[in-house]
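What shape does this take:
(one chain, ligands or ions: 1)
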Amino acid sequence: MRVDVVTIFPEFFQVLDVSLLGKARQAELVETHVHQLRDWAAFKADGTPDAHRTVDDAPFGGGAGMVMKPDVWGKALDEVLQPGGVLVIPSPAGVPFTQALAADLSTEPQLVFACGRYEGIDARVAEHYASVGYRVLEVSLGDYVLNGGEVAAFAMIEAVTRLIPGFMGNAESIVEESHSDGLLEYPSYTRPASWRGHDVPPVLLSGHHGKVAQWRREQQLARTRERRPDLLAADEQDTP
Ligand SMILES: NCc1ccc(-c2ccccc2)nc1
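Predicted coordinates:
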């Protein structure tokens, strides 16, 4: 997989080279490229030089803040997007990012993350690339607003690339994670068996694999009911 990030803060992604992702890059499972959006803003739409390399402008219809210019993004994405590439735009107005979507994206040949700042990117950018046949996703990590798409993109890149076959040393550990079976994961314990007066649940020391599996499933359901009832179908919730 190739991952491209277009941003006005490319330095934010230098850590991609040293993180867990770094190993995947060495294994040539993932190829990462970070691009400075301003490199495509050196000339205005009329062809005259723009010393400030402006990437934003006032919103049509008025309102606070600035909007990122479509022409600058268009020049950048025309160069960066490859045939079959997916354009991912982190946005508070996007579809929810889920483990299922991460798994879906982990099978794509290229992901291009367009990281907006200010009030976001002119809506015609997403519209244009969808109209010429690209898969375009505006994606939200949750109901909160950041100052830009970079932090969200970084989280999505990690969530997606760790699912690429061959990336994680211990493939089993992925299967039993939270959300992999639609439920939150069970609590985990390791030595010592007693710590500050807190004992590990005895069933986990029993060596009875069937009882351990049953206990873990019960813990998953109890945790999910308690913390994330939205993940349970109506008939499984403690609805009165
Ligand atoms: N749901 C997380 C998220 C993703 C992106 C943004 C964002 C904010 C300002 C400009 C561009 C993107 N905020 C929150």
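
now for the lengthiest strand in the chain, which elements pack on it?
Criterion DSSP state E: the longest strand present in the chain is strand 86-96. When contacts are defined as 3 or more Cβ pairs under 8 Å, 6 or more residues apart in numbering; DSSP states H and E, strand 86-96 packs onto helix 99-105, strand 110-114, helix 123-131, strand 135-140, helix 150-161. Glycine gets a C-beta too; all of them are placed from N, C-alpha and C.

Please repeat the previous calculation with a cut-off of 7 Å.
Strand 86-96 sits against strand 110-114, strand 135-140, helix 150-161, with contacts defined as 3 or more Cβ pairs under 7 Å, 6 or more residues apart in numbering; DSSP states H and E.

could the ones you listed go into CSV alongside mean neighbour count?
Shown next, in CSV, are these (neighbours: other Cβ atoms under 10 Å):
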stretch, mean neighbour count
strand 110-114, 24
strand 135-140, 19
helix 150-161, 21
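
Tell me where the protein has helices.
20-26, 70-80, 99-105, 123-131, 150-161, 171-175, 209-227 (DSSP state H).

and of those, who's closest to V112?
helix 70-80 (5.5 Å; Cβ to Cβ).

Give me the contacts around that closest one.
With contacts defined as Cβ atoms under 7 Å, 6 or more residues apart in numbering, helix 70-80 is touched by 4, 6, 35, 37, 40-41, 45, 55, 87, 112, 114, 121-122, 124-125, 128-129.

Outline the domain layout of this protein.
Following automatic domain parsing, one gets these domains for the chain: 2-161, 184-236.

what residues does the chain put near the ligand?
Within the chain, the positions near the ligand by Cβ under 6 Å from any ligand atom are 90-92, 116-117, 120, 140-142, 145-149, 152.

Where does the prediction get shaky in the protein?
17-26, 169-176, 235, 239-240 (pLDDT under 70).

And R53, how close does it get to the ligand?
In this view, R53 and the ligand are 19 Å apart by Cβ to the nearest ligand atom, to the nearest Å.
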